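Trainee: Generate coordinates for the sequence data below:
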Amino acid sequence: MYQPRDYRHWVQGRELVSFNVVVKETDLYIRASSDLSIKARKLVLEYRRQLEGYIAQYPSFASSLKPLPVAEEAPPIVREMADATRKFSVGPMASVAGAIAQFVGCGLLCHSPEVIVENGGDIFINSSKDRVVAIYAGKSPLSGRLGLEINGEETPLGICTSSGTVGHSLSMGRADAVVVVAESATMADAAATAIGNIISQAEDIPAGIEMAQSNQELIGVLIIKDDKIGIWGRIKICHLPNPERNLDTVTSPNL
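Mentor: So this is what the prediction gives:
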C-alpha cells in the first residue's frame, strides 16, 4: 500500500533541482544539478525490466526470506542484491530499494556531479559539498530531531533505513529506525534489514551494534527504539532543533 512521503517536505536546500520519478512501486525523489527526470525514468525502467525479467524466470528471488544463489547470466543489479543479502542472511529483495537508488544514482553521475536519489527513504548520495540527512523514525521522540552530517569528500555513499514500526517493508523486529551508512546503498539496505530484524526492544540495541561491527564493509549504524539510541562507526550526528531546516534529504523506513 502506498503511503505519502510527507517527510520530503522537510527538504529545503535549493541549489539543486528536485524532481520525482514514479514507475509502479518505485517512487524516487531525486536532486541533481539539472532536471534529469527523462534520463532517470529510462534508468528506472531498465533496471525494473532486468529485475522483473529475472524474477519471471526465478520467482523465488522475489519471495525468499533467505539468501539465494543466482544464475551466471543474472544482470549486475541482481548479482549485487544477492551478494549483499548473502552477507547478512536475508532474502534478496531486502536490498531492492537501496539497489534501485544505487544503480539509478550511478547512472546519472555522467550527467550531474551532484546526485541524491531517495527511494522510500533509502538514499544514494554523491556530493561535492557537505550535506545534512535528517532521520525520520515514526513516533519516536527522536524522529526529525537528529541528522547525519555527510562529508562530501567521502561520497558516493548509501544511507538506508529499516523499521518494524513505520512503513510497509517486512521486518521481524520493532525498531523505530535502523540507519546504516555504507559505500553501497545495496549493502546498506541489506544490513539495515538484518539489524532491524533483531531489535524488538531498547535492550536489543547492543546486539544490533555488534552485528554492524561484524561487517567491515559498513561505515556506521544508528539505531533508534523509543527514546533510546545506539551509534557506532565513522558517522557524525547533529541535533536538528527544527526538522524543516536547510536539509539535503531525509532517510526513513521504506514507505
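Trainee: Relative to residue 141, how far out is residue 115?
Mentor: Distance, residue 115 to residue 141, by C-beta to C-beta, to the nearest Å: 33 Å. All C-beta atoms are positioned from the backbone trio N, CA, C, and that covers glycine.
Trainee: more neighbours, those two?
Mentor: Per other C-beta atoms under 10 Å, whichever of residue 115 and residue 141 has more neighbours is residue 115, with 25 against 11.
Trainee: so the more buried one bridges to which residues?
Mentor: Residue 115 has these beta-bridge partners by DSSP bridges: residue 32, residue 126.
Trainee: Please apply the same query to residue 178.
Mentor: Beta-bridge partners recorded for residue 178 (DSSP bridges): residue 162, residue 223.
Trainee: who's in contact with it?
Mentor: 161, 162, 163, 192, 195, 196, 199, 208, 221, 222, 223, 224 (C-beta atoms under 8 Å, 6 or more residues apart in numbering).
Trainee: Looking at those residues, spot the one nearest residue 62.
Mentor: Closest approach between those and residue 62, by C-beta to C-beta: residue 162, at 18.4 Å.
Trainee: What's the local residue count around the closest one?
Mentor: The number of residues packed near residue 162 is 34, by other C-beta under 10 Å.
Trainee: That one touches residue 198, doesn't it?
Mentor: No: the pair residue 162 and residue 198 fails to qualify as a contact (C-beta atoms under 8 Å) at a distance of 11.0 Å.
Trainee: returning to what we had before: top of the contacts of residue 178 by neighbour count?
Mentor: Ranking the contacts of residue 178 using other C-beta under 10 Å puts residue 192 first, with 40 neighbours.
Trainee: And for that residue, nearest residue in space, chain neighbours not counted?
Mentor: Nearest residue to residue 192, sequence neighbours excluded (C-beta to C-beta, 6 or more residues apart in numbering): residue 162, at 3.9 Å.
Trainee: ok, now residue 191?
Mentor: residue 180 (4.5 Å).
Trainee: low-confidence ranges in the stretch 51-200 of the chain?
Mentor: The stretch 51-200 of the chain contains residues with pLDDT under 70 at 164-173.
Trainee: And the strands in it?
Mentor: For the stretch 51-200 of the chain, the strands defined by DSSP state E, counting those that start in this stretch cover 115-119, 122-126, 131-135, 146-150, 157-162, 177-182.
Trainee: okay if I get these as JSON lines plus distance to residue 204?
Mentor: Formatted as JSON lines, the strands of the stretch 51-200 of the chain follow (distance: least, C-beta to C-beta, whole Å):
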{"stretch": "strand 115-119", "distance to residue 204": "27"}
{"stretch": "strand 122-126", "distance to residue 204": "22"}
{"stretch": "strand 131-135", "distance to residue 204": "19"}
{"stretch": "strand 146-150", "distance to residue 204": "19"}
{"stretch": "strand 157-162", "distance to residue 204": "14"}
{"stretch": "strand 177-182", "distance to residue 204": "11"}
